[in-house]
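# Got a sequence here, can you model it:
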Amino acid sequence: MPHANNGGVSIRYEVDAADAGDPDEAVVFCGDVGLGAWQFGWQHAALAGPHTVITPETRGVGRSDAPPGPYAVEDLVGDVDAVCAAAGVRNAHLVGYGLGGMVALATALASSRPASLTVVGTPPSGGGYKPDAVWADPSDPAAVEGSLHGLLSADFREAHPDALPRIAEWRLAEDAGRETFEAHRAAVESFDVADRLYELTTPTLVVHGTDDAACPAPAAETLAGGLPRGELRAIEGARHLVGVEASAAVNDALVGWLAEHGTDTFSG
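Next up is the predicted model:
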């Protein structure tokens, strides 16, 4: 599997549907605090094929290097840029959850590479985010399954009782341990672009579950309202893992967003 190098830190990534669409353009996923690549499985299934999709493993997660923390969002921005360069991607549509959304926003402020952003459960500053509500120690199966009660709505859990043990199994296999979580938490806590949103002119879709406890809805409203080209898509009753429990609605929004903001749209 391919790896990219950022200042001696090796970041593993996967490329799916490499020949789809514009060869210089891809959808690139950016992960949440301590979570494995499983978190994007629902969106990956909808986007790979129509688009080339790149899924990096965030530093400290999976088979990417885990240098000592604390990390800063800028470190993770460098990792994403290294992955894009290694994969030959000139124009990236960044899709990020939580911390990954922060990385997407910071990447757009630092680089012209992003063609669009989609941020899910993401605030304009780390003070609007509660990392402890997202991560659970993968050495404790009961804690991992219990954490899903806060991340997925009661309606979803009742309608899909078999989903929780499946997701818990993926988390146990792929999520990061305590040391990486603390390094990621430091990146969240130091993040703040609230006073720079006016500079961020990249088209940005802000997706948010209205019952998200990890990143309460007012943070998404503030983010979308402060972005010159921000658009809020609120999913009623969904919690932080809105892309899981409301995958059809989120995927429809993403597919439409990418069709509207592909580079061919701008060149046409």
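
# Could you pull out the helices in the chain for me?
Secondary structure of the chain, counting by DSSP state H: helices at 41-47, 73-87, 99-110, 141-151, 154-159, 163-174, 178-189, 217-226, 242-245, 247-261, 263-267.

# Turn these into a markdown table, columns for distance to Asn5 and mean neighbour count.
Glycine gets a C-beta too; all of them are placed from N, C-alpha and C. Conversion of the helices of the chain to a markdown table gives the following (distance: least, CB to CB, whole Å; neighbours: other CB atoms under 10 Å):
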| stretch | distance to Asn5 | mean neighbour count |
| --- | --- | --- |
| helix 41-47 | 24 | 19 |
| helix 73-87 | 6 | 22 |
| helix 99-110 | 18 | 26 |
| helix 141-151 | 32 | 17 |
| helix 154-159 | 40 | 13 |
| helix 163-174 | 22 | 16 |
| helix 178-189 | 19 | 20 |
| helix 217-226 | 32 | 18 |
| helix 242-245 | 29 | 26 |
| helix 247-261 | 28 | 17 |
| helix 263-267 | 26 | 11 |
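
# would CSV of those with distance to Val61 and mean pLDDT be doable?
Output for the helices of the chain, formatted as CSV (distance: least, CB to CB, whole Å; pLDDT from 0 to 100):
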stretch, distance to Val61, mean pLDDT
helix 41-47, 15, 94
helix 73-87, 11, 97
helix 99-110, 11, 98
helix 141-151, 15, 94
helix 154-159, 25, 96
helix 163-174, 7, 95
helix 178-189, 6, 97
helix 217-226, 24, 96
helix 242-245, 18, 97
helix 247-261, 22, 95
helix 263-267, 29, 46
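
# Return the distance of Ser190 relative to Leu254.
Distance, Ser190 to Leu254, by CB to CB, to the nearest Å: 29 Å.

# sorry, that was for Gly78
25 Å.

# now swap in His93 and tell me
9 Å.

# what's the overlap in contacts for these two?
Thr118 (CB atoms under 8 Å, 6 or more residues apart in numbering).

# Would you agree Ala4 is in contact with Asp79?
Yes - Ala4 is within contact range of Asp79, at 7.4 Å (criterion: CB atoms under 8 Å).

# Spit out the residues that contact the two alike.
Joint contacts of Ala4 and Asp79 (CB under 8 Å, 6+ apart) are 11, 56.
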